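Undergrad: Mind folding the following:
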Amino acid sequence: MFSCPSGYTILNQYCSAYCTTMGYPCTTWGYNETLCYKPDPITGTISATPTNVRINLDVTQTGTTNICFDVSGISEGEVWVSVNNQSEVLFARGDNLCQAAPWITAGNTFAFKLYSGRAHTTLLATATVTGEGYYGGSNPPPQCGPCQSGYSCFCGDDVCRREGTLCP
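TA: Numbering: from 1, shown residues only. This next block holds a predicted model:
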């Protein structure tokens with residue numbers, strides 16, 4: 001039985017008239033030709049906006065970050081989240097989506113990990129979010145800026161960035 005070289009996958013096996021005329025008879029499995037292909041590599045990206053969630057503890061105990069992820073070379077990926085390196089729990093599943101995490105708490109670190117498929121074994125990317133609490137006022141103290149039009153401090157790292165871009 002024929003197999004493809006390492007890194008390749010069988011696309012089709014069949015009995016080919018061309019191979020038969022070249023002296024390769026069909027096997028008992030019904031084929032004498034195997035077509036192999038090299039699948040696209042599995043890749044993925046994940047981002048969090050913001051990565052540093054400022055929480056006014058006079059007003060609320062939680063803040064929100066938006067997690068966006070994308071996978072290619074597979075039909076879907078899963079994002080699992082761990083708080084302070086504890087056990088991971090499933091956060092989201094899909095191939096290209098953004099989802100809010102409105103439960104970020106002060107003093108904690110959240111690791112959002114993108115895995116290939118549903119096996120929860122192949123890690124593709126990680127985004128880390130920290131919750132930072134403060135007291136006083138209805139607005140958080142400025143982190144950076146002022147920023148020019150079309151730019152803001154949404155990543156939480158004191159850098160003005162064009163709105164709609166991904167955080168590092």
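
Undergrad: which stretches of this protein form strands?
TA: For the chain, applying DSSP state E gives strands covering 9-14, 33-37, 43-49, 52-56, 62-72, 77-83, 89-94, 96-105, 109-116, 123-134, 151-152, 161-162.

Undergrad: Give me the sheet partners of the second one and which way each runs.
TA: Read that as strand 33-37. strand 9-14 (antiparallel) (DSSP bridges).

Undergrad: Now do residue 150: how many residues are near it, please.
TA: 10 (other C-beta atoms under 10 Å). (C-beta placed from N, C-alpha, C; glycine too.)

Undergrad: Quick one, grab the pLDDT at it.
TA: pLDDT for residue 150: 74.

Undergrad: Next, give phi and psi for it.
TA: Note on residue 150: its backbone torsions stand at phi 90, psi 0 [degrees, to the nearest 10].

Undergrad: Stretch 45-64 spans what distance, first to last residue?
TA: 20 Å (C-alpha to C-alpha, to the nearest Å).

Undergrad: now swap in stretch 151-160 and tell me
TA: End-to-end span of stretch 151-160 (C-alpha to C-alpha): 6 Å.

Undergrad: what comes up buried for stretch 43-62?
TA: Going by neighbour count (16 or more other C-beta atoms under 10 Å), the buried part of stretch 43-62 is 44-56.

Undergrad: Distance from it to the middle of the chain?
TA: 17 Å (C-alpha atoms, centre = their mean, to the nearest Å).

Undergrad: pLDDT score for residue 53?
TA: On the pLDDT scale, residue 53 gets 94.

Undergrad: Reformat the strands of the chain as CSV; add distance to residue 23.
TA: Converted to CSV, the strands of the chain look like this (distance: least, C-beta to C-beta, whole Å):
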stretch, distance to residue 23
strand 9-14, 17
strand 33-37, 13
strand 43-49, 43
strand 52-56, 69
strand 62-72, 42
strand 77-83, 47
strand 89-94, 50
strand 96-105, 49
strand 109-116, 43
strand 123-134, 46
strand 151-152, 69
strand 161-162, 64
